[in-house]
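Student: Mind folding the following:
(2 chains, ligands or ions: 1)
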Amino acid sequence: MTMKVTMRIRRFDPEKDAKPYWAEYTLEAVDPTDRVLDLLHQVRGRFDGSLAFRRSCAHGVCGSDAMRINGVNRLACKVLVNTIVKGDEGKIQVEPLLGLPVIKDLVVDMEPFFENYRSVMPYFVNDEPPPARERIQTPEQRTRFDDPTKCILCAACTTSCPSFWANGTYVGPAAIVQAHRFIFDSRDRAARDRLAVLSQENGVWRCRTIFNCTTACPRDIKVTQVIAEVKNAISRGRAD
Amino acid sequence: MAAETGAPARRVNINNFETNVWRYMRLSGLLIIPLLLGHLLILHLINSVFDVNYEWVIEYRWGLIGWRIYDAFLLWFAGLHGFLGVRCVIRDYVHDAQVRRVIMVVMAMVVIFLFLLGTVALIGAPFEPVEIPVVP
Ligand code: FES
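Tutor: Model (predicted):
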């Protein structure tokens, strides 16, 4: 059995278009277990070779193809058509991530996102001389920051956040998730510096606990909880 | 057994303005729920708004010092909570720093005026109803 799917795609070519517009492409014989990413490839192959979108791994690992599918942020490579189109005919709407400048079609400029990411020192800091073999950590200490290690920096959370839409100077959920990963790592020594950044005007206090980030995360990270833990660390004055 | 690394209880002393605002919003938010419910109940559900006038307020409310304290809490906690909430919204949506500063200053002045007015009324209002002189 195949299905008929109309792809409604937000298009924009800065060299030709004054502003973005919707274009529709109907694919007659779609396999229900195809993914939205496959359909984008089909549209590009059959209708318009200029359709721009990012993808790399096609298996939910690299985080390249986050986009807004039927109004919610998803990785195109992880959404099966039959989970969003019921019956043998339907429509799928695809647009670029909100809150970041569109470069072309579904490709957004990720630089503001990575600028926020860099501001929280997303790397291991420890100037103490390393022990002879390795910096040891108990399984419990490792578990403390397990959830945020799953992040693939796809930006689905940050660009689903109304607070970020309203004001892009907010550091955003993804950067806080990355900060959490090191703040609660018992081997790291820069928790204080990161929390100092995150307690500023554009830090965690801009989170209004909306939970969009949690539902957007393709890796099922409990993003809002992670943010709350960072808030608590600042408020209680201890990160452990 | 290998020794554990890492400092178990890592103290981070961060006490800045934004953090204190957040703490205040949490605490005042909790506090104003019963305050507002009580206020709503007494002024709008138990009594009709048509009965609430000068005499009523002096006699049943401000004649009792407890009610004045209740109202002072309401004024300060709900008022400041609301002001800080609007501050949040302005910082979200007004991106021009200059414009934002102007709006903040004007808003702060309005709020300070309202607080002063409320405080003067709370402290200065008589405990017994006084005859309001009728202007001929
Ligand atoms: S293409 Fe790599 S996550 Fe989808």
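Student: what residues are up against residue A:80?
Tutor: A:32, A:33, A:34, A:35 (CB atoms under 8 Å, 6 or more residues apart in numbering or on different chains). (C-beta placed from N, C-alpha, C; glycine too.)
Student: residues touching the last one, list them.
Tutor: For residue A:35, the contacting residues are A:76, A:77, A:78, A:79, A:80, A:81, by CB under 8 Å, 6+ apart.
Student: near the ligand, from these?
Tutor: Contacts with the ligand are made by residue A:77 out of the contacts of residue A:35, judged by CB under 6 Å from any ligand atom.
Student: nearest to residue A:22, of the contacts of residue A:35?
Tutor: residue A:76 (17.4 Å; CB to CB).
Student: To which secondary structure element is the nearest residue to residue B:74 once chain neighbours are set aside assigned?
Tutor: Distance criterion CB to CB, 6 or more residues apart in numbering or on different chains; nearest residue to residue B:74, sequence neighbours excluded, is residue B:35 at 5.1 Å. Using DSSP states H and E, the element containing residue B:35 is helix B:17-40.
Student: ok, and what's touching that helix?
Tutor: Against helix B:17-40 from outside (CB under 8 Å, 6+ apart): A:199-201, A:203, A:205, A:231, A:234-235, B:70, B:73-74, B:77-78, B:80-81, B:84-85.
Student: Could you look up the SS state of the residue of chain A most remote from its centre?
Tutor: Of all residues in chain A, residue A:132 has its C-alpha farthest from the mean position, at 38.2 Å, by CA atoms, centre = their mean. Under DSSP: H, G, I helix; E, B strand; the rest coil, the three-state class of residue A:132 is coil.
Student: Among the contacts of residue A:80, which ones lie close to the ligand?
Tutor: Of those, not one also sits near the ligand (CB under 6 Å from any ligand atom).
Student: Just give me how far the helix holding residue B:35 sits from the chain centre.
Tutor: Distance of helix B:17-40 from the chain centroid (CA atoms, centre = their mean, to the nearest Å) equals 8 Å.
Student: In the chain, where is pLDDT below threshold?
Tutor: Defaulting to chain A. Judged by pLDDT under 70, chain A has no weakly predicted residues.
Student: try again with chain B
Tutor: Counting by pLDDT under 70, chain B contains low-confidence ranges at B:1-9.
Student: Which strands or helices does the longest helix belonging to it pack on?
Tutor: With DSSP state H setting the assignment, residue counts place helix B:97-124 as the longest helix in chain B. Helices and strands touching helix B:97-124, by 3 or more CB pairs under 8 Å, 6 or more residues apart in numbering or on different chains; DSSP states H and E, are helix B:65-73, helix B:79-93.
Student: right, is the longest one up against chain A?
Tutor: Yes. Looking at helix B:79-93 against chain A by CB under 8 Å from any CB of the partner chain, the contacts come from B:91, B:92, B:93.
Student: What's the separation between residue B:60 and chain A?
Tutor: Plainly put, residue B:60 is 39 Å away from chain A if you go by CB to the nearest CB, to the nearest Å.
Student: And stretch A:230-240, what's buried?
Tutor: By 16 or more other CB atoms under 10 Å in any protein chain shown, the buried positions in stretch A:230-240 come out as A:230, A:231, A:233, A:234, A:235, A:239, A:240.
Student: Now do the longest helix along chain A: distance to the chain's middle.
Tutor: Looking across chain A with DSSP H, the single longest helix is helix A:223-236. Relative to its chain's centre, helix A:223-236 lies at 19 Å (CA atoms, centre = their mean).
Student: before we move on, the earlier item: just the contacts of residue A:35: which are in helices?
Tutor: residue A:81.
Student: can you redo the contacts of residue A:35 as JSON lines with distance to residue B:42?
Tutor: Shown next, in JSON lines, are the contacts of residue A:35 (distance: CB to CB, whole Å):
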{"residue": "A:76", "distance to residue B:42": "56"}
{"residue": "A:77", "distance to residue B:42": "59"}
{"residue": "A:78", "distance to residue B:42": "55"}
{"residue": "A:79", "distance to residue B:42": "53"}
{"residue": "A:80", "distance to residue B:42": "57"}
{"residue": "A:81", "distance to residue B:42": "58"}
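Student: tell me, how many neighbours does the residue nearest to residue B:74 end up with?
Tutor: 16 (other CB atoms under 10 Å in any protein chain shown).
Student: Any idea how many residues pack against residue A:14?
Tutor: Neighbours of residue A:14 (other CB under 10 Å): 9.
Student: If we ignore the residues flanking it in sequence, what's nearest it?
Tutor: residue A:104 (6.5 Å).
Student: hey, what's that neighbour bridged with?
Tutor: residue A:107 (DSSP bridges).
Student: Could you check how far it is from chain B?
Tutor: 25 Å.
Student: domains in chain A, as residue ranges please.
Tutor: Taking automatic domain parsing as the domain assignment, the ranges for chain A are A:3-107, A:110-236.
Student: and among these, the most buried is which?
Tutor: Comparing the domains of chain A by mean neighbour count (mean count of other CB atoms under 10 Å in any protein chain shown), domain A:110-236 comes out on top with a mean of 20.
Student: and that domain, anywhere near chain B?
Tutor: Yes. Domain A:110-236 lies within reach of chain B by CB under 8 Å from any CB, at A:131, A:135-138, A:141, A:163, A:166-167, A:186-187, A:191-192, A:195-196, A:199-201, A:203, A:205-206, A:231, A:233-235.
Student: thinking again about what came up before, and the residue farthest from the centre of chain A, what is it in contact with?
Tutor: Residue A:132 neighbours (CB under 8 Å, 6+ apart): none.
Student: Please identify which of the domains of chain A is closest to residue B:107.
Tutor: Using CB to CB, the domains of chain A put domain A:110-236 closest to residue B:107, at 17.3 Å.
Student: give me the number of residues near the closest residue to the ligand within chain B?
Tutor: Scanning chain B for proximity to the ligand using CB to the nearest ligand atom identifies residue B:92 as nearest, at 30.5 Å. Residue B:92: 18 surrounding residues under other CB under 10 Å.
Student: Kind regards, and thank you for your time.
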